[in-house]
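Participant: predicted model, plus sequence, below.
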Amino acid sequence: MLLRPSVATALMLFSSSLWAGSEPNLVLLDADFNDKTLNVLIGTGGAIVGEPVALSSGLQAVVSPVPLPTPSLRLGQSSTGSARFAEFEFLGGEEVSTGRLSIFMVLKPAALDRYLVNIRETTGATLQFANLVLMNDGAIALSDSNAGVLLGATYIPGQNLVFEFRYDMDAGTYDLWLNNTLLVNDRSHGVVGGGIGSIYVGLDNTTTSQLFLDDLSVTRPQPTEVFADGFE
Ligand SMILES: [Ca+2]
Ligand SMILES: [Ca+2]
């Protein structure tokens, strides 16, 4: 324990020296919906206010006091026929093409149905950094620019699904965690060039049920976290 203050000081110095000059935003998005008006359609003010930048026409994206412990975003649609999404971007419209990036979210599906999470560039949605599909048989599929796989995990209605995508943009790979279990390690996303700047969370064209989204956050993991691992 006596070493802790000096370690902490070293970490602070390490961190501040590494970031000196550029000082990038460490938190690019933090959407927890806790300060939003309940039971009305979410606004589209963007990351600065923890809101999406756009909602597909016909998507019902309402801030709900239940069923998660704090307010969350309930995604539903009144008719099938189109896949519909809430689109989130990062502070300042930033697109991340180097370093590390963590994308964290909590999903709670109301029933077995088809729910989608797409990770894309800032403007447009052609660079497939990830396509996550919760399928209507409870299976979970993942693809990107490379061929898809069925993950070794399933979901059940009402379950809290804590997903975290951890990208290494320099290596062109990512890890995917679900409820603290590593599902995919160092998978190549296959995208050449470009960067990550948007997250689409939504419902497929056949989906009739609802998906709750909370605690969507995008961060650059701090070098101190990597550094600290060496002392454990
Ligand atoms: Ca919340
Ligand atoms: Ca890894």
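Facilitator: Yep, it's here. Ligands and ions are numbered 1, 2, ... in the order given.
Participant: name the nearest residue to the residue of the chain found nearest ligand 1, ignoring sequence neighbours.
Facilitator: Proximity of the chain to ligand 1 (CB to the ion) peaks at T70, 3.5 Å away. In short, each C-beta sits where N, CA and C put it, glycine included. Leaving out its chain neighbours, the residue that sits closest to T70 by CB to CB, 6 or more residues apart in numbering is N34, at 5.2 Å.
Participant: what about that neighbour, distance to ligand 2?
Facilitator: As judged by CB to the ion, to the nearest Å, N34 and ligand 2 stand 31 Å apart.
Participant: can you tell me how far that residue is from D215?
Facilitator: According to CB to CB, to the nearest Å, N34 stands 9 Å off from D215.
Participant: okay, those two: which has more neighbours?
Facilitator: D215 (17 against 12; other CB atoms under 10 Å).
Participant: per-residue confidence averaged over the helix or strand hosting that one?
Facilitator: Using DSSP states H and E, D215 maps to strand 211-219. For strand 211-219, the mean pLDDT works out to 98.
Participant: assign the residue positioned nearest the centre of the chain to helix, strand or coil.
Facilitator: Nearest to the geometric centre of the chain sits I103, at 3.8 Å (CA atoms, centre = their mean). At I103 the chain is in strand, as set by DSSP: H, G, I helix; E, B strand; the rest coil.
Participant: which residue is the nearest non-sequential neighbour of it?
Facilitator: Using CB to CB, 6+ apart and skipping residues adjacent in sequence, the residue nearest I103 is F165, 4.3 Å away.
Participant: for that neighbour, what are its contacts?
Facilitator: Residues near F165 by CB atoms under 8 Å, 6 or more residues apart in numbering: L101, S102, I103, F104, I119, A130, Y174, D175, L176, W177.
Participant: what residues does this protein put near ligand 2?
Facilitator: Applying CB under 5 Å from the ion, we find that the chain lies next to ligand 2 at D175, N185, D186.
Participant: I'd say the last one and G172 touch.
Facilitator: To tie it back to what came earlier, the one meant is D186. No: D186 is not in contact with G172 according to CB atoms under 8 Å; the separation is 9.8 Å.
Participant: need the residues of this structure near ligand 1, please.
Facilitator: Going by CB under 5 Å from the ion, the residues of the chain near ligand 1 are D32, F33, N34, T70, P71, D214.
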